[in-house]
Each structure stands twice: as C-alpha cells, then as structure tokens.
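Novice: here you go, sequence then predicted model.
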Amino acid sequence: MRDPRMSAIGKGLKRRGRLMAEAVRPPRRTLDGMPSPRRPEGPDAGPYVAPPAPRLVDSPVFVLSSVRSGSTLLRVLLNSHSQIRAPHEMHLRIVHVHLSRDFTADAMRALELDKDELEHALWDRLLHLELTRSGKRIIVDKTPPNTLVRPRLHRCWPSARYIVLLRHPAAVIASLTNRRSDPDLEAIHEEVLGHSEKLEEARQNLDAHVITYEELTADPERTTRGLCDYLGVPRESGMLDYGRQDHGAFRPQLGDWSDTIRSGRIQPAKAAGSTVELPPRLAELAREWGYPTV
C-alpha cells in the first residue's frame, strides 16, 4: 500500500522541478532582440497576443496620404525606378484571416500565432511575393486608407519607412466634390479631416519623408531626388517619363484612372481655388502645412 507521505513528497519534488525549469528556461525574444515577457495563463489572463514572427520584408515603404492627393502619380514615378516596385493599391488592411472553428484559435496559439499575427504573416507574404516577381528590392504601398491604420502597420513592420504626401485640403475637397454625382459636403469635410488629422500625427511623430503634391508637380526632378535619397537609391531620369513603363491596371479601387494620369505626363497641380471655405480645423492644418487659406 502506497504511503501518503511519500506521495506528497513526490508531488512536491515534481513541482519544485517545474519551477526550477521555468527559472532557467531562456526567455523568448522578439524581433528586436528584447526578451518577450511570459504571458500569464488561466481564465483571468485576457486574450492571447502572439509574439511577432520573422518577416520576409523587413522594411517596406508606405505612402501616407489623403484620397485625391496625387498618390497615384507618386506611385507611377516610383515604380518607374529600376529598384522600386510600387504596385496598385493593395488594401492590405481588409485582407483578413477567418478562424472558422471553435478550436482553430487554440491550434494557432499552440504555434504562437493569433488572428492578427496570421494576418501580418499573410500581408508580409503578399509584399514579398510582389517584390520577388518584380525582381526589384524596395516595395512601396500607396493605399490611402493605410493612413488610418498606421499603428497596425507599425505592429506588423516595426522597421517600415513612410512617405507623407500632403495636398492643400481645399484642393482635395474640390476634387472629391467634382468626382461624386451627389456630393455630401459635410461628409466630404469629415472624410478629409479624418485623413488630415492622421497625416499631421504622422508628420509630427514619424521620421518620415514629407512632400507635397504641389511641389511634386512643380519640381518633379528635385522632389524625386529627395525621395530617392530617402530610400537609399540613385535617382534615375526615366522616373519622370513614367508613360513609357507598364504600371498595371488603372481602375476604381486600385488607384486614379483619370485621363490626367493616363496621359503619361506630369501636369501642374490644379489650384485650390478661393471658393472652397475650409472648416476651422482643416484651415488650421492647412496653415501648419504652409498653405494659404481663405
């Protein structure tokens, strides 16, 4: 018959062994080499957050801009460089992973993955696939709504680089108003303000390269030279002759498909116009960016 005292001693030794193993086990490390704190387990631990997985593309480049700010022109100029791949708008933020069964999350957790990190791995693979197919070495995504989800991009790629593209808010409002069959001016103001607030936040807090659409169209040689310096590549004169390059599809939801961009020539920016009166906060941001306001 088993002695209860010996059973208790055995359990104590096993527990002590587990504690000693935990004490000497090396901490899991994140991508930046810092120890990743162990997450508590149990019903009060909260939702599981997976550690970042290694990335195939370490430092992608994202253009942060409002809609109707000239981001397609910037894209085709960059894509005309022999070392830069700037595809159509990729809309990574709405490429999702669906964990379809009750136990799927547990299965992924056993692999140190969660839904967000699965999506991050998929986004990274898409960028890597596009970069590999192009034979180039730098990839630029210019999807304007990325401006609204920059913290998520940073979580996915802590070493990402950013180009902030500004345009006079009055010109953006005028462009949106002219393109919509039944424009709601209040909704347009809210849309432009939402993007502009995030752009100002990025301008103030990121080590980003900031340009304006107006200077891109007025002095494209100097502006593209600055962009190339930021990206660490030599400027190529063929960038300005973007019409000779194949830039893929121009159609709704993938970028600007107007005759202006299809012309293959850089055309002067349209004036903001004195008839567009900006709401107070947009007027304040416009002045912060160096634009005149009415």
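Specialist: Received the coordinates, thanks. Remember, predicted model here, so these are calculated numbers, not experimental data.
Novice: buried sites along stretch 102-119?
Specialist: For stretch 102-119, burial by neighbour count (16 or more other C-beta atoms under 10 Å) applies to 105, 108, 113-115, 117-119. Bear in mind the C-beta positions are built from the backbone N, C-alpha and C, glycine included.
Novice: and the nearest residue to P279 once chain neighbours are set aside, helix, strand or coil?
Specialist: Closest residue to P279 apart from its sequence neighbours, by C-beta to C-beta, 6 or more residues apart in numbering: H189 at 5.5 Å. Look at H189: counting by DSSP: H, G, I helix; E, B strand; the rest coil, its state is helix.
Novice: rewinding a little: nearest to I139, of the buried residues of stretch 102-119?
Specialist: Checking those against I139 with C-beta to C-beta, the nearest one is E119 at 17.7 Å.
Novice: P292 - how many residues pack around it?
Specialist: Counted with other C-beta atoms under 10 Å, residues neighbouring P292 total 10.
Novice: quickly find the element holding it.
Specialist: Assigned by DSSP states H and E, P292 belongs to no helix or strand.
Novice: ramachandran coordinates for V140?
Specialist: phi -120, psi 130 (degrees, to the nearest 10).
Novice: from Q83, how far off is it?
Specialist: Counting by C-beta to C-beta, to the nearest Å, the separation of V140 from Q83 is 11 Å.
Novice: who has more neighbours, these two?
Specialist: V140 (23 against 16).
Novice: my read is that the more buried one contacts A86, right?
Specialist: Yes - with contact defined as C-beta atoms under 8 Å, V140 reaches A86; the gap is 4.1 Å.
Novice: which neighbours do these two share?
Specialist: 75, 78-79 (C-beta atoms under 8 Å, 6 or more residues apart in numbering).
Novice: and those residues, which of them are in helices?
Specialist: In this view, these that belong to helices under DSSP state H are 75, 78-79.
Novice: where does this protein have its least confident helix or strand?
Specialist: helix 4-24 (a mean of 51; mean pLDDT, DSSP states H and E).
Novice: now S134, nearest residue through space, not along the chain?
Specialist: R85 (4.0 Å).
Novice: neighbours around the one you found, how many?
Specialist: 21.
Novice: roughly how far does it sit from E236?
Specialist: With C-beta to C-beta as the criterion, R85 and E236 are 14 Å apart.
Novice: and for V276?
Specialist: V276 is 37 Å from E236, by C-beta to C-beta.
Novice: with A160 instead?
Specialist: 23 Å.
Novice: where does pLDDT dip in this protein?
Specialist: 1-45, 248-257, 259, 262, 273-275, 294 (pLDDT under 70).
Novice: if you set the cut-off to 80 instead, what comes out?
Specialist: 1-46, 244-264, 271-275, 294 (pLDDT under 80).
Novice: quick one: strands adjacent to the following helix or strand past the least confident helix or strand of the chain?
Specialist: Helices and strands here follow DSSP H and E; after helix 4-24, the next one along the chain is strand 61-64. Sheet pairing of strand 61-64 (DSSP bridges) gives strand 138-141 (parallel), strand 161-166 (parallel).
Novice: other residues contacting strand 61-64?
Specialist: 71, 74-75, 138-142, 146-147, 150, 153, 160-165, 198-199, 202, 208, 231.
Novice: same question for stretch 207-214.
Specialist: Under C-beta under 8 Å, 6+ apart, the answer for stretch 207-214 is 64, 69-70, 73-74, 161-168, 171, 202-203, 223, 226-227, 230, 269, 289-290.
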